[in-house]
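Student: sequence below, structure please.
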Amino acid sequence: MAHAVVIGAGIGGLTAALALARKDWSVTVLEQAASIEPVGAGLAVAPNALRALDVIGVGDEVRRLAAIQGQSGIRTPDGRWLSRTTAEAGAARYGDPIVLLARSALVGILAGRLPQGACG
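Tutor: Numbers count the residues shown, from 1 in each chain. Alright, predicted model coming up:
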């Protein structure tokens, strides 16, 4: 069995570790923090990122956390709209919603799917 050491238990490191574990690699994740704690702010997971999360088996779990309701978009500093849309229009155009969630929720989903003892 191949073995990989992943440095860092952030979103990227946990995703890489989970992808390798799903391909039957033995994985060790090394993190300088004493434990993986719920830290960080919110983030948006775009449709293309959801498709990447599908590959490692967590896309649907993340989709269930979708929170956009009504209209959203990007504004200039003075408040003018540059772009706006609705969750339904975004999902129709891109095939998936944009999921807003706490960073800690995504880290928890990824870490929870790793094999026992992978985080060392």
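Student: give me the number of residues near residue 6?
Tutor: Residue 6 has 23 neighbours, counted by other C-beta atoms under 10 Å. Every C-beta, even on glycine, is put in place using the N, C-alpha and C of the backbone.
Student: can you report phi and psi for it?
Tutor: Note on residue 6: backbone dihedrals following degrees, to the nearest 10 are phi -110, psi 130.
Student: what about it, distance to residue 106?
Tutor: Going from residue 6 to residue 106 by C-beta to C-beta, to the nearest Å gives 16 Å.
Student: helix, strand, or coil at the residue lying farthest from the centre of the chain?
Tutor: Residue farthest from the centre of the chain, counting by C-alpha atoms, centre = their mean, is residue 78 at 31.2 Å. The local conformation at residue 78, judged by DSSP: H, G, I helix; E, B strand; the rest coil, is coil.
Student: got the contact list for it?
Tutor: For residue 78, the contact set (C-beta atoms under 8 Å, 6 or more residues apart in numbering) is empty.
Student: pLDDT wise, what is the residue nearest the centre of the chain at?
Tutor: In the chain, the residue lying closest to the centroid (C-alpha atoms, centre = their mean) is residue 106, at 4.8 Å. Residue 106 carries a pLDDT value of 93.
Student: thanks a lot, catch you later.
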